[in-house]
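Enquirer: what's the 3D shape of this:
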Amino acid sequence: CLAAADERIAGGAAGLERARRHPTRLAARPGQALEGDQGDWHVWAVAACDGGVQYRIFLTAATPAAPEVLELWRGLLTSARIGGEA
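Expert: Residues are numbered from 1 along each chain as shown. Next up is the predicted model:
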């Protein structure tokens, strides 16, 4: 599942400028992250696995992203729960 998540993230980088991929964690699960630009837009994506189930979160914002958008993205990543966790 994690190899497939990495493949999906890599595929999303095709149309992005200054794309950066790196390992990360989402809801305490190993995952892959992507960040890059597409014209006037900035893109963030994270894919992670729980068993054989893949979860993905995407966010786009106008460039440069406002501080509120960055706060929202960080909040999504830190508050995400998988598999009915409380």
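
Enquirer: contacts and neighbour counts: CA atoms only from here.
Expert: Noted.

Enquirer: which residues of this protein fall in helices?
Expert: 2-12, 67-79 (DSSP state H).

Enquirer: of all the ones you listed, which has the lowest average per-residue confidence?
Expert: The weakest mean pLDDT among the helices of the chain belongs to helix 2-12, with a mean of 83.

Enquirer: Quick one: mean pLDDT for stretch 34-43?
Expert: 93.

Enquirer: For it, measure first residue to last.
Expert: 8 Å (C-alpha to C-alpha, to the nearest Å).

Enquirer: count of neighbours near Ala45?
Expert: 19 (other C-alpha atoms under 10 Å).

Enquirer: In contact with it, which residues?
Expert: The contact partners of Ala45, by C-alpha atoms under 8 Å, 6 or more residues apart in numbering, come to 9, 33-35, 56-59.

Enquirer: Tell me which of the helices of the chain is the most buried.
Expert: Greatest average neighbour count among the helices of the chain goes to helix 2-12 (a mean of 16), per mean count of other C-alpha atoms under 10 Å.

Enquirer: And the strands in this structure?
Expert: Assigned strands in the chain, in chain order: 17-26, 29-38, 41-50, 53-62 (criterion: DSSP state E).

Enquirer: What residues sit buried inside the first one?
Expert: This points to strand 17-26. Counting neighbours by 16 or more other C-alpha atoms under 10 Å, one finds that the buried residues in strand 17-26 are 19, 21, 25-26.

Enquirer: Which single one of those residues is nearest to Ala48?
Expert: Leu26 (6.1 Å; C-alpha to C-alpha).
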